[in-house]
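Participant: sequence plus the predicted model coming up.
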Amino acid sequence: MKPPIIVSSSDLERLEGLLTLPTFRSRSDLDGLREELERADVREPEDMPADVITMNSRARFLEEGTGREYELTLAYPKDANAEARRVSIFSPAGSALLGLAAGQSIDWNTPDGKELHLKVLEVTWQPEANGQFEL
């Protein structure tokens, strides 16, 4: 079962706009993101809880099977950079993380078919919590 997620109205609007572009419109690999956006509890940016992963948020995670911890930033596709630990919202990992809050866990499959169990330990930086509503 998927955990409940919260998405800001501005993130929803931007992501839906990207998903309607000809480049992305017919990509079936983005159906998971479309489904996540449809089931999200949508709130105004000013009403976002500070412990929820929004676009451009940075969060610490625990890979539950290995005990490995790491920090990632959820990025738009044009800003994604593996070396800088900026994961694209259009990746399976990115679309799985959007809207999760600290303490929630999610299962997702890596491109090589491996299933990972990730737990959000902490949202270390969120644009909305810092008054940056246009990121």
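Facilitator: That came in fine, so what should we check first? Numbers count the residues shown, from 1 in each chain.

Participant: make it CA atoms for all contacts and neighbour counts henceforth
Facilitator: OK.

Participant: what mean pLDDT would you report for whichever helix or strand residue 96 is part of?
Facilitator: Assignment of secondary structure by DSSP states H and E places residue 96 within helix 92-97. Helix 92-97 comes out with an average pLDDT of 88.

Participant: equivalent analysis for stretch 76-85, please.
Facilitator: Average pLDDT, stretch 76-85: 96.

Participant: list the buried ones in the helix or strand bottoming out on mean pLDDT in the chain?
Facilitator: Lowest mean confidence among the helices and strands of the chain (mean pLDDT, DSSP states H and E): strand 105-109, at a mean of 81. Buried positions in strand 105-109, judged by neighbour count with 16 or more other C-alpha atoms under 10 Å: 105, 106, 107, 108.

Participant: OK, contacts around the second one?
Facilitator: Translated: residue 106. Contact partners of residue 106, counting by C-alpha atoms under 8 Å, 6 or more residues apart in numbering, are 2, 3, 96, 97, 117, 118, 119.

Participant: let's see 7 Å
Facilitator: Applying C-alpha atoms under 7 Å, 6 or more residues apart in numbering, we find residue 106 in contact with 117, 118, 119.

Participant: what's the separation between it and residue 62?
Facilitator: Distance, residue 106 to residue 62, by C-alpha to C-alpha, to the nearest Å: 11 Å.

Participant: what's the overlap in contacts for those two?
Facilitator: Counting by C-alpha under 7 Å, 6+ apart, the contacts common to residue 106 and residue 62 are 118, 119.

Participant: distance of the residue sitting nearest the centre point of the chain relative to residue 32?
Facilitator: Centrality entry for the chain: nearest residue to the mean C-alpha point is residue 98, 2.4 Å, by C-alpha atoms, centre = their mean. Separation of residue 98 from residue 32 (C-alpha to C-alpha): 11 Å.

Participant: please identify which helix or strand holds residue 124.
Facilitator: strand 115-125.

Participant: so what touches that strand?
Facilitator: Taking C-alpha under 7 Å, 6+ apart as the rule, strand 115-125 contacts 51-53, 57-65, 101-109.

Participant: list the buried ones in stretch 6-14?
Facilitator: Residues of stretch 6-14 classed as buried: 6, 7, 8, 9, 10, 11, 12 (neighbour count, 16+ other C-alpha under 10 Å).
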